[in-house]
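> Structure for this input, please:
(chains A and B)
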Amino acid sequence: MDREEIKKGVFQYVYDNAFSSKENITDDVLIFKNGFLDSMGLVMLITHLESTFGIKTSDADMVEENFESINAITDFVIKKQEA
Amino acid sequence: MSKKRPFSKDIVLLEDIPGVVDKIITKMRSDVHDVMRRYGGVVGVSGGIDSSVCLALASKAFGPDKVRAVMMPEQDSSPDSEMLARELCGKFGVEDLHLENMTPAVAGFHCYERRDEAVKRVFPEYEPDTWKMKIVVKQSGLFNNLPPLFKLIVIDPDGNEEEEMLNATDYMQIVASSNFKQRSRMSMLYYHAEAMHFAVIGTPNKHEQEQGFFVKYGDGGADVMPIGNLYKTQVYQLAEYLGIPEGIIERTPTTDTYSAEQTQEEFFYQLPFDLMDRFWYGFENGYSPEEVAKVMEETPERVEALFLNFERKRKTTEYLRMSPVRDYYQS
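Predicted coordinates:
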């Protein structure tokens, strides 16, 4: 799966699971800071990433830089797949 | 219009404690007697500070003979609590402590089985009869923009701990199962209330209410909540003034939900209550992150992130505070 496909998948997941203002979701928007996903959304997002992209997240991965936007999540998934 | 006081570390402290107590008990009397037309109040006591203060306030508002104290332990509850609750009742003249063992009711809902099924998916070696478990919030999220995640901790009979981050399915099953405890207790409190024509006195404090640290229709199900607008610091001030037994005041607040001892800070708040009170006060009273940061010896950026976190927490837990929506049709 190339970067664009992963990003498309991440975008679709966030879009489908955001509760409001979906039209404002872009690749760079801060999805947690702006409230598109909440704490349960993060837990579910991680479960989704692990099952869809075959990665395993660890404690050390749980930093804002890895999850703040669709671009950041895409980079994180690629990094984990390559590790 | 009164001018906003400069932010300080003492800003949440009540200045006129007798006056506050008097206002609360006058309003409790008016709400329960005049509005709800009930003779007194039922308080679920846990041996913790919040329910103890509520019992003391109810005793002053209605008279001790119009207060029923109900203690509802289940198999995971701390055994120390009963002694403290009895001391409390004695102190405030509430004649009897009604002890209700909730284990059969909770087990009837398969609470423990459902919870342990999820725990075993994470730790197959977990033995519910001899091991202990708890959920803790991963300490990272409060001062940044990432919501908190939850970890499951299991402790074997030798005291060895293992921990694992919880996925959504397991986390939700453990929480949903555990919530049977609070909802069963709510049913029991209403049994006692209806049997006496009393109201149920709810014990959540301001943080529990506003941050959503309660179970909807569980400990959030009550008729009046006398300390629902008080910070924890203020609850302690009232406790000292009312003469709550020292053993209760000195006790660390726990959730009394999981088999392993668990503080409210490690499960939910991620900050000691005295700090949480001050930051929340600053947030809800419109103080700038710069002003709060200066007093609290923090950076404005971290306080701003904290305030955003509070705002999100309040928004995402709004569902818990909502009454059923019924305005779908107007005839």
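
> Local confidence estimate at the residue of the stretch 101-250 of chain B found nearest chain A?
Here the stretch 101-250 of chain B gets closest to chain A at one residue, residue B:147, 3.4 Å apart by Cβ to the nearest Cβ. The C-beta positions use only the backbone N, C-alpha and C, and glycine is treated the same way. Listed pLDDT for residue B:147 reads 82.

> What number of residues are in the vicinity of it?
Using other Cβ atoms under 10 Å in any protein chain shown, residue B:147 has 22 neighbouring residues.

> pLDDT weak spots in the stretch 51-200 of chain B?
Counting by pLDDT under 70, the stretch 51-200 of chain B contains low-confidence ranges at B:139-142.

> same question, chain A
Low-confidence regions of chain A, defined here as pLDDT under 70, do not occur.

> quick one, helices of it?
For chain A, the helices defined by DSSP state H occupy A:3-17, A:39-53, A:64-67, A:70-82.

> Summarise which helices and strands the shortest one is packed against.
Same thing as helix A:64-67. Applying 3 or more Cβ pairs under 8 Å, 6 or more residues apart in numbering or on different chains; DSSP states H and E, one finds that helix A:64-67 makes contact with helix A:70-82.

> got the angle for the helix it packs on vs helix A:3-17?
With axes from the mean of the first three to the mean of the last three Cα atoms, to 10 degrees as the basis, helix A:70-82 and helix A:3-17 are set at 120 degrees to each other.

> re the thing from before, dump the residue contacts of the closest residue to the residue of the stretch 101-250 of chain B closest to chain A other than its chain neighbours.
If the residues on either side of it in the chain are set aside, residue B:147 comes closest to residue A:39, at 3.4 Å by Cβ to Cβ, 6 or more residues apart in numbering or on different chains. Counting by Cβ atoms under 8 Å, 6 or more residues apart in numbering or on different chains, residue A:39 touches B:141, B:147, B:148, B:149, B:316.

> I'd like to know which of those residues are buried.
Of the members of these, the ones counted as buried by neighbours, 16 or more other Cβ atoms under 10 Å in any protein chain shown, are B:141, B:147, B:148, B:149, B:316.

> Please work out which residue of chain A is closest to chain B.
When you check chain A against chain B by Cβ to the nearest Cβ, the closest residue turns out to be residue A:39, at 3.4 Å.

> circling back to that earlier point, any figure for the gap between the residue nearest to residue B:147 and residue B:146?
9 Å (Cβ to Cβ, to the nearest Å).

> One more: residue B:314?
Per Cβ to Cβ, residue B:314 is found 17 Å from residue B:146.

> Look at the two and report which has more neighbours.
A side-by-side neighbour count of residue B:314 and residue B:146, using other Cβ under 10 Å, places residue B:146 first with 22 against 16.

> Let me see the contact set for the spatially closest residue to that one that is not a sequence neighbour.
Counting by Cβ to Cβ, 6+ apart, the nearest residue to residue B:146 once its immediate chain neighbours are dropped is residue A:64, at 4.7 Å. Applying Cβ under 8 Å, 6+ apart, we find residue A:64 in contact with A:32, B:144, B:145, B:146.

> Counting neighbours, which of those comes out on top?
Neighbours here mean other Cβ under 10 Å. Within the contacts of residue A:64, the largest count is held by residue A:32, at 24 neighbours.

> quick one, phi psi at that residue?
Main-chain torsions, residue A:32, degrees, to the nearest 10: phi -90, psi -40.

> And residue B:242, by the same measure?
phi -80, psi -20.

> How about residue B:193?
phi -60, psi -50.

> That one: how many residues sit nearby?
As a burial measure, the neighbour count of residue B:193 was computed by other Cβ under 10 Å and equals 21.

> Could you do residue A:27 as well?
13.

> How much space separates it from residue A:73?
When distances are taken as Cβ to Cβ, residue A:27 and residue A:73 turn out to be 10 Å apart.

> for the most centrally placed residue in chain A, what are its contacts?
Note on chain A: the residue nearest the mean C-alpha position is residue A:73, at 4.2 Å, using Cα atoms, centre = their mean. Residue A:73 makes contact with A:10, A:45, A:49, A:66, A:67, according to Cβ under 8 Å, 6+ apart.

> ok, back up a step: which of the contacts of residue A:39 fall in helices?
Judged by DSSP H, helices contain the following of the contacts of residue A:39: residue B:316.

> circling back: what's the farthest-apart pair in the buried ones among the contacts of residue A:39?
When Cβ to Cβ is used, the two most widely separated members of the buried ones among the contacts of residue A:39 are B:149 and B:316, lying 14.6 Å apart.

> Give me the phi and psi angles of residue B:210.
Torsion angles at residue B:210 (phi, psi; degrees, to the nearest 10) stand at phi -80, psi -30.

> Could you report the neighbour count for it?
18.

> Help me confirm that it comes into contact with residue B:315.
No. Here residue B:210 lies out of contact with residue B:315, judged by Cβ atoms under 8 Å, at a distance of 11.1 Å.

> for stretch A:60-72, which positions count as buried?
By neighbour count, with 16+ other Cβ under 10 Å as the criterion, the buried positions of stretch A:60-72 are A:61, A:62, A:64, A:66, A:67, A:68, A:69, A:70, A:71, A:72.

> first vs last residue of that stretch, how far apart are they?
Distances were taken as Cα to Cα, to the nearest Å; on that basis the terminal residues of stretch A:60-72 are 15 Å apart.

> before we move on, the earlier item: compute the distance between the residue nearest to the centre of chain A and residue A:67, please.
Residue A:73 sits 6 Å away from residue A:67, taking Cβ to Cβ as the criterion.

> just the residues of chain A that are near chain B, which are they?
A:30, A:32-33, A:35, A:37-44, A:46-47, A:50, A:57-59, A:62-64, A:67-68 (Cβ under 8 Å from any Cβ of the partner chain).

> mind redoing it with 7 Å?
A:30, A:32-33, A:35, A:38-39, A:42-44, A:47, A:59, A:62, A:64, A:67-68 (Cβ under 7 Å from any Cβ of the partner chain).

> Now for the residues you listed: which two are most distant?
With distances taken as Cβ to Cβ, the most widely separated pair in the residues of chain A next to chain B is A:35 and A:59, at 24.6 Å.
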